[in-house]
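Visitor: coordinates only, no sequence provided:
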DNA sequence: CCAGACGTTGTT
DNA sequence: GTCTGG
DNA sequence: CCAGACGTTGTT
DNA sequence: GTCTGG
């Protein structure tokens, strides 16, 4: 769950909502973001502050010999992340906010094999703040660390349940500072913040199957799906 | 002790 | 079927 | 997440 | 790095 999302906010809106400045190094408008790609995240760098960075989606634990493990660590179950060897250090000390304005799920395939993607966004139009964990991994013999992250999942709420049994952890603005605070490590409180979003928070609608290919990263992926009986 | 895993999703 | 690339 | 590859040798 | 399985 949560293997594709979008982030096409106006930089001014990012500034007013999160209080951070984003330049071209850490932010470009994206409609179809996939694992393995560089993504905009917020973290408390320096500690106590708030900075936007460009991190690669798919977490590589610090002990990894090979970064290919990232393919399997695109999501982390929030119920167990505090204990799992791959995530527990990051859960205590390296949490981040993954900036987004929508995310996607796919239903079962149609008769022709196509899967129609569903887009979820906030009904109030506000940015979506996905809860994430980040890591720094330095390849042997290299000086430059690879910065990676994963997105936490939780049980689906009523909006999501028709489509999937998991959903990304969504953070409210009141909890941003506590979530990214690397000095805060009260696991009970942190786990409270990973509970499913309220049932009325999100809207759902079908979008274009052009979204299925990561090569399509433009506003038209948000269009309604083409009628399956149409030859246009 | 060493060797090998360390994860999620969905599907069966 | 399973892994890689995006 | 989905789409697309999944292999070797030798020759250009 | 740290835990589990043998």
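Guide: Noted; the coordinates are in hand. Not measured: the values here are computed from a predicted model.
Visitor: what about the strands in chain A?
Guide: With DSSP state E, the ranges of strands along chain A come out as A:5-7, A:30-33, A:38-43, A:51-57, A:75-77, A:95-100, A:102-106, A:117-122, A:128-137, A:146-155, A:166-168, A:202-206.
Visitor: for the second one, which strands pair with it and how are they oriented?
Guide: This points to strand A:30-33. strand A:5-7 (antiparallel) (DSSP bridges).
Visitor: do the strand it pairs with and DNA strand B meet?
Guide: No. Contact of strand A:5-7 with DNA strand B (C-beta under 7 Å from any atom of the strand) is absent, the minimum separation being 13.8 Å. (Glycine included, C-beta is placed from N, CA and C.)
Visitor: quick check: mean pLDDT across that strand?
Guide: For strand A:5-7, mean pLDDT is 98.
Visitor: what comes into contact with that strand?
Guide: A:27, A:29-33, A:39-40, A:98-104, A:119, A:128, A:130, A:222 (C-beta atoms under 8 Å, 6 or more residues apart in numbering).
Visitor: returning to what we had before: which of the strands of chain A is buried the deepest?
Guide: Among those, strand A:95-100 has the highest mean neighbour count (mean count of other C-beta atoms under 10 Å), at a mean of 27.
Visitor: quick one: pLDDT of residue A:15?
Guide: 98.
Visitor: residue contacts, it?
Guide: A:21-22.
Visitor: again with residue A:179
Guide: A:95, A:97, A:131, A:171, A:190, A:193.
Visitor: tell me the spacing between it and DNA strand E.
Guide: In this view, residue A:179 and DNA strand E are 24 Å apart by C-beta to the nearest atom of the strand, to the nearest Å.
Visitor: next one: residue A:200
Guide: Taking C-beta to the nearest atom of the strand as the measure, residue A:200 falls 41 Å from DNA strand E.
Visitor: check residue A:34 too.
Guide: From residue A:34 over to DNA strand E the distance is 27 Å, taken as C-beta to the nearest atom of the strand.
Visitor: so which residues on chain A come close to DNA strand E?
Guide: A:62-63, A:85.
Visitor: quick one: the strands of chain A as TSV, columns for distance to residue A:181 too.
Guide: Shown next, in TSV, are these (distance: least, C-beta to C-beta, whole Å):
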stretch	distance to residue A:181
strand A:5-7	23
strand A:30-33	26
strand A:38-43	10
strand A:51-57	13
strand A:75-77	19
strand A:95-100	8
strand A:102-106	25
strand A:117-122	24
strand A:128-137	13
strand A:146-155	16
strand A:166-168	20
strand A:202-206	26
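Visitor: between the ones you listed, which gets nearest to DNA strand D?
Guide: strand A:102-106 (3.4 Å; C-beta to the nearest atom of the strand).
Visitor: most proximal residue of chain A with respect to DNA strand E?
Guide: Relative to DNA strand E, the nearest point of chain A is residue A:63 (3.4 Å; C-beta to the nearest atom of the strand).
Visitor: if I look at that residue, how far off is residue A:69?
Guide: Distance, residue A:63 to residue A:69, by C-beta to C-beta, to the nearest Å: 10 Å.
Visitor: thanks again, I'm all set now.
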